[in-house]
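**Q** Dropping a prediction and its sequence here:
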Amino acid sequence: AHGSKVQTPDGPVLIEDIQVGDDVFGVNGQPTKVTAIHPRGERQMFRVTLRDGTFADCDAEHLWGVHDASRKGQYRVLSTQQMLAEGLRHSTEQRLWRFKVPAVAPVEYSERDLPIDPYILGCWLGDGSLQRDVHGERRYGPKLASFEPDGWIVKEVQRRLPDDMKLVQSPGASDVRNGRAGPGGDYRFCPVVSHDTNPFRDALVSLGVNRERFIPELYFQGSVKQRLDLLRGLMDTDGSVTRGTGMQVRFYTTSSRLAQNVRHLVRSLGGTATAGSTPSRTTMWVDIFTSHCPFLLPRKAAAWEAGGGGERRSTGNTIVSIEASGSSECRCITVASGDSLFLVNDFMPTHNCYQLPNEAQVAFPFTLWLQFLETQSLPKVVVYGQDQTEATSKAEDIASMRASGVVGFRRPPPGEKTFEVLESSGKGAAEFNAALTFLETWQTSSVLAGFTGLSSLASLGRGSLALSQDQSAFFLKSRQAVTAEMESAITHDVIAP
């Protein structure tokens with residue numbers, strides 16, 4: 001839907017502003033090129049929401065790459081409408097959710113020149129403040145409260161400070177927190193050479209965090225290491241790790257904005273994050289799941305490892321609801337990545353639309369063929385797929401509706417000219433394989449192109465050597481259905497030639 005943000009190496013960009021040739025992030029965290037834009041017009045929208053609250057708005061025909069728990073985790077490409085029709089709950093275990101989008105790798109932004117070391121900023125956002133007096137804010141520098149028995153955080157912050165800055169313990173600072181005693185208390189960020197300005201404070205002011213706790217946009221677009229350092233600074237100061245029935249990793253804050261920022265930060269690192277608050281809503285918390293240790297502080301990092309943190313691997317994020325959300329202008333894109341996935345909003349993976357030959361700017365859903373196939377009574381059905389898994393999945397879908405045989409074909413890698421027959425029954429498999437091999441010389445690029453192209457051959461008589469009468473009729477009817485759909489798209493200004 002218009003208003004959705006696509007994640008790119010230059011930060012989030014509204015989908016209506018994406019252009020062919022732009023780089024967007026794929027699920028592997030690497031950039032992938034946009035190869036086509038598909039205007040869709042105004043359509044009914046559905047909000048697809050994941051377990052941790054991440055969501056995206058799309059139309060009924062938008063595609064999703066999901067793992068299906070009802071099929072032992074098999075990867076499938078389904079439309080929003082298909083998922084609703086099949087049901088979001090497990091087919092036999094209704095307490096379980098059925099569909100899960102793939103896990104996302106940390107996105108690879110370039111390293112940034114940041115005004116404050118990200119670990120130090122994270123520590124200050126967690127346990128820092130600005131000390132003021134009646135004469136203004138410049139007399140005393142920003143301060144950091146730290147009560148680690150061995151002073152580890154203070155030493156690490158000092159190690160990372162530029163040479164012209166130092167930490168100075170405030171006189172008479174109390175050293176009691178959670179019943180622990182030792183080196184600690186309030187530490188001020190001070191210039192090594194005393195003067196009227198404080199570079200650290202000036203940097204905080206320039207970032208805007210002197211009046212409200214939040215993560216500046218610049219820091220969201222740092223490298224993986226920079227973003228991980230930022231998270232570790234936040235978690236070393238205001239994070240916890242506890243073990244009970246399972247390990248819980250949680251960040252605490254009194255700032256709702258900072259809580260949402262931490263969720264976004266964790267997701268950019270390939271993790272999941274769920275927010276909540278105390279009944280009084282005075283304290284917010286964020287539960288974090290990530291395969292990267294979110295702590296640098298040795299005692300917390302050790303507790304995370306002891307709780308099995310080093311073995312934690314995300315298997316994806318479960319879809320928990322699909323609900324109508326009004327109507328909106330929408331568009332989709334096609335990307336160059338082999339899995340056809342890209343990231344929207346809070347790094348939510350979604351599937352692209354397929355590109356048609358002749359560069360027609362149309363996005364046709366898989367449901368077109370499924371709906372057409374349901375009306376047919378043929379001895380054989382051909383199922384196309386972008387890969388073997390997809391072809392097999394579509395074949396199983398159709399087989400469940402039909403008692404007749406099913407043939408599945410795998411589209412070959414670039415440079416190869418043969419299709420693989422996955423499963424066949426009845427006569428004609430060899431003829432179909434030969435016809436599809438011939439069709440590949442047309443360099444078709446989508447499921448729709450395959451149906452349309454092969455039916456074109458049949459209508460010209462060139463497919464008569466490879467197709468039986470029933471099969472030729474099937475493809476001719478398929479082409480007629482496609483033609484009707486294209487006419488409708490033109491009428492509603494969906495096609496942009």
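**A** Yep, it's here.
**Q** CA atoms for contacts and neighbours, from now on please.
**A** OK.
**Q** quick one: low-confidence ranges for the stretch 151-300 of the chain?
**A** Along the stretch 151-300 of the chain, the parts satisfying pLDDT under 70 run over 172-184, 195, 244-245.
**Q** Same check on the stretch 351-497 of the chain?
**A** Regions of the stretch 351-497 of the chain meeting the criterion pLDDT under 70 cover residues 354-497.
**Q** And Gly233, how close does it get to Asp150?
**A** Plainly put, Gly233 is 17 Å away from Asp150 if you go by CA to CA, to the nearest Å.
**Q** all strands for the stretch 1-150 of the chain, in order.
**A** Here the stretch 1-150 of the chain has its strands, by DSSP state E, counting those that start in this stretch, at 5-8, 11-14, 23-25, 31-50, 55-58, 63-68, 74-79, 99-101, 128-130, 142-146.
**Q** Which residues outside the first one are in contact with it?
**A** Taking contacts as CA atoms under 8 Å, 6 or more residues apart in numbering, the residues outside strand 5-8 that touch it are 12-15, 23-25, 31, 342-345, 347.
**Q** Format those as a markdown table; extra columns: neighbour count.
**A** Listed next are those as a markdown table, based on neighbours: other CA atoms under 10 Å:
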| residue | neighbour count |
| --- | --- |
| Pro12 | 19 |
| Val13 | 18 |
| Leu14 | 15 |
| Ile15 | 20 |
| Asp23 | 21 |
| Val24 | 26 |
| Phe25 | 27 |
| Pro31 | 22 |
| Phe342 | 30 |
| Leu343 | 23 |
| Val344 | 25 |
| Asn345 | 19 |
| Phe347 | 31 |
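**Q** Closest one of these to Ser280?
**A** Nearest to Ser280 out of those is Asn345 (CA to CA; 29.3 Å).
**Q** Phi, psi for that closest one please.
**A** Taking degrees, to the nearest 10, you get phi 50, psi -120 for the backbone angles of Asn345.
**Q** For Gly270, which three-state class applies?
**A** In three-state terms, and counting by DSSP: H, G, I helix; E, B strand; the rest coil, Gly270 is coil.
**Q** need the contact list for it.
**A** By CA under 8 Å, 6+ apart, the neighbours of Gly270 are Ala103, Val104, Ala105, Pro106, Val107, Thr290.
**Q** Out of those residues, give me the two with the largest separation.
**A** With CA to CA as the measure, no two of the contacts of Gly270 lie farther apart than Val107 and Thr290, at 13.6 Å.
**Q** shared neighbours of those two, anything?
**A** By CA under 8 Å, 6+ apart, the residues touching both Val107 and Thr290 are Leu269, Gly270.
**Q** More neighbours: these two, which one.
**A** Neighbour totals were compared for Val107 and Thr290, and Val107 leads with 26 against 19 (other CA atoms under 10 Å).
**Q** ok, the more buried one - contacts?
**A** Residues near Val107 by CA under 8 Å, 6+ apart: Phe25, Asn28, Gly29, Gln30, Val224, Ser268, Leu269, Gly270.
**Q** does the second one really touch Glu108, like I thought?
**A** Same thing as Asn28. No. Assessed by CA atoms under 8 Å, Asn28 is found out of contact with Glu108, at 9.0 Å.
**Q** Quick check on Gly233 and Asp150: which one has the bigger neighbour count.
**A** Neighbour totals were compared for Gly233 and Asp150, and Gly233 leads with 28 against 12 (other CA under 10 Å).
**Q** how near is the more buried one to Leu296?
**A** Distance, Gly233 to Leu296, by CA to CA: 8 Å.
**Q** cool, and Gly65?
**A** Shown here: Gly65 relative to Leu296, a distance of 35 Å by CA to CA.
**Q** Need the contact partners of stretch 331-339.
**A** By CA under 8 Å, 6+ apart, stretch 331-339 touches 1-2, 15-16, 26, 32-41, 340-342, 352-355, 363.
**Q** Equivalent analysis for stretch 248-263, please.
**A** 126, 213-215, 231, 234-235, 238-242, 272-275, 282-289.
**Q** Just the ones in helices from these, please.
**A** Gly126, Leu231, Leu234, Met235, Asp238 (DSSP state H).
**Q** of all those residues, which comes closest to Ile319?
**A** Distances from Ile319 to the ones in helices among the contacts of stretch 248-263, taken by CA to CA, are shortest for Leu231, at 26.1 Å.
**Q** gap between that closest one and Glu305?
**A** 17 Å.
**Q** more crowded one of these two?
**A** Just comparing Leu231 and Glu305: by other CA under 10 Å the higher neighbour count belongs to Leu231, 26 against 13.
**Q** wait, the more buried one sits on His292?
**A** No. If you go by CA under 8 Å, Leu231 and His292 don't touch, sitting 10.4 Å apart.
**Q** on that earlier part again, taking the ones in helices among the contacts of stretch 248-263, please make a ChimeraX selection of just the buried ones.
**A** This is how ChimeraX selects the buried members of these, with burial counted by 16 or more other CA atoms under 10 Å:
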select :126,231,234,235,238
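**Q** Out of the ones in helices among the contacts of stretch 248-263, which comes closest to Gly309?
**A** Met235 (14.6 Å).
**Q** is it true that that closest one touches Cys293?
**A** No. Met235 is beyond contact range of Cys293, at 10.2 Å (criterion: CA under 8 Å).
**Q** Residues in contact with stretch 150-170: which ones?
**A** Contact with stretch 150-170 is made by 117, 119-120, 146, 182-193, 200, 236, 297, as judged by CA under 8 Å, 6+ apart.
**Q** Quick one: buried ones out of those?
**A** 117, 119-120, 146, 183-191, 200, 236, 297.
**Q** Against which helices or strands is the helix or strand that contains Pro349 packed?
**A** For Pro349, the element it lies in under DSSP states H and E is strand 348-351. Helices and strands touching strand 348-351, by 3 or more CA pairs under 8 Å, 6 or more residues apart in numbering; DSSP states H and E, are strand 63-68, strand 341-344.
**Q** which of these sits most buried?
**A** Among those, strand 341-344 has the highest mean neighbour count (mean count of other CA atoms under 10 Å), at a mean of 26.
**Q** what sits against Leu204?
**A** Applying CA under 8 Å, 6+ apart, the residues near Leu204 are Asn210.
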